[in-house]
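task: produce atomic coordinates for the following.
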Amino acid sequence: MTNDDPQSNLGHTPSITATHRCVHADLMNDPIIQTTGLVRDLILLAPGSSMDLDHPHLARLAALCEALGLSTWRFQFHYRDKGQPFPPGDINVTIQEYELQLRSAAEQFPTARLHLGGHSYGARVATHVAAKLVAASDGLKARLRSVITFSLPVHPAKTPHLKRWNHTNDLTLPVCLVSGDRDTLAEPAQLNALMAQLENPLNKLTVLPGTDHGFGQLAKYRQDSEAYAVATRAVSRFLKTLDQPSH
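Next up is the predicted model:
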């Protein structure tokens with residue numbers, strides 16, 4: 001595991017070739033898909049618990065990924081389609097929905113390497129899907145490249161613990177975790193303890209200075225360490241490590 005230094009230059013920004021909605025009979029809602037080039041890598045982005053797929057923050061995270069050459073597959077959970085403000089009590093419901101989106105994306109882009117991602121609750125669900133597929137030796141396992149999380153809710157607000165993380169033994173894919181130092185759902189002690197449980201040497205933790213759970217940032221940090229810019233550099237470095245030959 002490494003902590004990211006935010007000072008880095010971005011590489012070439014690819015052209016965006018298409019934006020469209022996917023209509024799939026098995027999906028409860030149609031994702032927004034943004035493709036870049038030949039779709040070598042694709043990331044699924046699930047929103048936070050009270051967000052929809054077109055929320056401005058999720059759109060900015062998608063643009064961040066697209067600038068780095070990742071095609072994006074943005075979707076929302078069914079409870080939001082039904083107008084419900086919060087997820088169902090059983091997280092297995094949204095795990096199944098995320099997995100269905102993943103299988104649809106894998107079918108539509110059969111040669112793409114797949115990254116599981118999201119903001120907040122969507123990121124938490126992504127970790128469960130990754131662990132589930134790894135534990136089951138699912139056929140998709142060979143195509144899973146990483147888990148990229150933004151503002152992962154390590155614990156409930158004002159209740160720091162790791163009771164949500166019984167699945168870390170199976171969370172063996174490389175994990176990129178981007179979190180603000182003012183995020184009340186990721187206290188530093190619990191955040192670092194969680195990362196210590198994840199044993200992949202390519203794991204990367206980046207802490208955004210002066211930044212809260214929704215990437216709101218104190219003004220004094222914006223000039224030198226603007227949250228989305230630091231996050232972009234962090235993900236860029238992480239992706240580069242994935243392509244380095246293993247020793």
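
show me what counts as buried in the lengthiest helix in the chain.
Looking across the chain with DSSP state H, the single longest helix is helix 91-108. By 16 or more other C-beta atoms under 10 Å, the buried positions in helix 91-108 come out as Thr94, Ile95, Glu97, Tyr98, Glu99, Leu100, Gln101, Leu102, Arg103, Ser104, Ala105, Ala106. Glycine gets a C-beta too; all of them are placed from N, C-alpha and C.

please name the nearest non-neighbouring residue to the third one.
Okay, so that is Glu97. Phe77 (5.5 Å; C-beta to C-beta, 6 or more residues apart in numbering).

what number of residues lie near that neighbour?
Using other C-beta atoms under 10 Å, Phe77 is surrounded by 26 other residues.

list the contacts of it.
Residues counted as contacts of Phe77 (C-beta atoms under 8 Å, 6 or more residues apart in numbering) are Ala46, Pro47, Pro87, Thr94, Glu97, Tyr98, Gly122.

my read is that the fifth one contacts Arg80, right?
Read that as Glu97. No. With contact defined as C-beta atoms under 8 Å, Glu97 does not reach Arg80; the gap is 10.6 Å.

give me the residue at the spatial middle of this protein.
Taking C-alpha atoms, centre = their mean as the criterion, Gly117 is the residue nearest the geometric centre of the chain, at 2.3 Å.

secondary structure element holding that residue?
strand 113-119 (DSSP states H and E).
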